[in-house]
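A.B. asks: everything below, folded, please.
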Amino acid sequence: YFTLTSIFLSKNLTKKIGLKKKVRISFSNSMNNQNITLNSLSPKNLNKLLTLKGLVVKHSNSMSVMTSAFFRCEICSFETFSFIERGKLIEPVYCYSCKNFHSFQIILNRSHFTDKQFISLQEIQSKDKKENFPLDINLVAYDENTKKVKIGQIIEVT
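C.D. replies: Reported below is the predicted structural model:
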């Protein structure tokens, strides 16, 4: 079974108070026991939930990444949010309250950030197959999944 408590909680909040929030789902207790290796990945695996097992070779430090920015007009104090789209921050150009251009200042204390960490995972070679080099895959961990892995640790990723 999969643990999906976070999505049901968010749907209830959306109905009750009209909160629109991005939901990140994490799966645990996967029943997928297929022995998938990086060499066996192919286009037939698209749109399927797979589990890869591997050894953590290296990881970066956890870093904060801005997800939405808070802006305030320096002239009339009008406030607005702007979201990161495709890795770019779209800064508001025009203030609808005082009708001035390029008058917004970013307020970092009220902006939203998320944690991000890069992980390099090396596949574990089976004893049956004698492959020359184990393959690596690069992963990105967000929020509560950062700072959980150590180099040399064997993990399963779904």
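
A.B. asks: ok, residue 43 - contacts?
C.D. replies: Residues near residue 43 by Cβ atoms under 8 Å, 6 or more residues apart in numbering: none. All C-beta atoms are positioned from the backbone trio N, CA, C, and that covers glycine.

A.B. asks: contact partners of stretch 83-102?
C.D. replies: 66-69, 71, 73, 75-76, 78, 80, 82, 103-104, 106.

A.B. asks: now those in CSV, with pLDDT, distance to residue 145 and neighbour count?
C.D. replies: CSV is the format used below for these (pLDDT from 0 to 100; distance: Cβ to Cβ, whole Å; neighbours: other Cβ atoms under 10 Å):
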residue, pLDDT, distance to residue 145, neighbour count
66, 90, 19, 14
67, 88, 16, 13
68, 89, 20, 15
69, 92, 24, 22
71, 95, 30, 21
73, 95, 37, 19
75, 94, 42, 13
76, 94, 41, 14
78, 94, 37, 17
80, 92, 31, 14
82, 89, 26, 16
103, 93, 39, 19
104, 94, 34, 23
106, 94, 28, 15
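
A.B. asks: closest to residue 121 among those?
C.D. replies: When the contacts of stretch 83-102 are compared for distance to residue 121 (Cβ to Cβ), residue 67 wins out at 24.8 Å.

A.B. asks: I'd guess the closest one is in a strand, am I close?
C.D. replies: Yes - using DSSP: H, G, I helix; E, B strand; the rest coil, the assignment for residue 67 is a strand.

A.B. asks: wait, it sits on residue 114?
C.D. replies: Yes - under the criterion of Cβ atoms under 8 Å, residue 67 makes contact with residue 114 at 5.2 Å.

A.B. asks: mind naming the longest strand for the chain?
C.D. replies: Ranked by number of residues, the top strand in the chain under DSSP state E is strand 104-123.
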